[in-house]
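Asks: Please work out how this folds:
(chains A and B)
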Amino acid sequence: MSTKNSKTAALGEELASQNAGHVTENTLQFDPRTGELVVVNKQDLKALDPDVTVVDQIATDGFALPH
Amino acid sequence: MDSTRYRIEKTILEQNFSRRSAFVDRYNPETFSLRVGLKCSSGQAYQLRIRIPPDYPNSIPRAYVMTPADLRDRAGQSLAQRSPSHDMHLLSPDGNQIQLCHYKPANWHPNVTLYKVALKCLVWLEAYENHMLTGKPIDHFLHS
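Replies: As a prediction, the model looks like this:
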């Protein structure tokens, strides 16, 4: 699997885990410097980077469904 | 959108989507929208049109994918033709521009900004790219 595909798959696995209600060791972040979502291990968070946005809550508070 | 809210939205977008977002037709309530370019972890870029309703932020904006045009599912079927769709989290399209589900009405609040709507759309796009990788529906990746 290419690096690009592995990054996409890692995001998909994290989204699916959070969607299933699992507490994971990771967090989803948006980095405006790259413009991309990334999966970051919570243990690797040395300090909260003021530039990034944690997306976990945005991702798990539900997406609308058509009526 | 009043001028105070417009300035707030513009400031947040410039901080986070610098050179990747622009308001269009600000003084035309029929067409006022935000164009935003989003990039997935695969490197694929998407151009979105977020239609801003006249009573925004009291009501929810609508998000459409402008490019790539006529997105397909893994089986090759047009997502616009599949819309609306529960398992793919799609609302009614505008022509061949699919409309993404983002905030649920119950979770919408006037304090939610267009920046957060764009982030939610980016999460949808990553789920779509995983659908294309695995064949699993977008509903597998996104919480309802």
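
Asks: Contacts only, for the residue positioned nearest the centre of chain A.
Replies: Geometric centre of chain A, nearest residue: A:Leu28, 2.2 Å, by C-alpha atoms, centre = their mean. By C-beta atoms under 8 Å, 6 or more residues apart in numbering or on different chains, the contact list for A:Leu28 reads A:11, A:14-15, A:18, A:37-40, A:54-56, A:59, B:123. C-beta: built from backbone N, CA, C; applies to glycine.

Asks: right, and the helix or strand after the helix or strand containing it?
Replies: Using DSSP states H and E, the element containing A:Leu28 is strand A:26-31. The helix or strand immediately downstream of strand A:26-31 is strand A:36-41, counting by DSSP H and E.

Asks: what's that next one packed up against?
Replies: helix A:3-19, strand A:26-31, helix B:114-134 (3 or more C-beta pairs under 8 Å, 6 or more residues apart in numbering or on different chains; DSSP states H and E).

Asks: partner strands of it, parallel or antiparallel?
Replies: Its sheet considered, strand A:36-41 pairs with strand A:26-31 (antiparallel) by DSSP bridges.

Asks: can you give me the offset of the strand it pairs with from its chain's centre?
Replies: The chain centroid and the centroid of strand A:26-31 are separated by 4 Å under C-alpha atoms, centre = their mean, to the nearest Å.

Asks: I appreciate the help and will end here.
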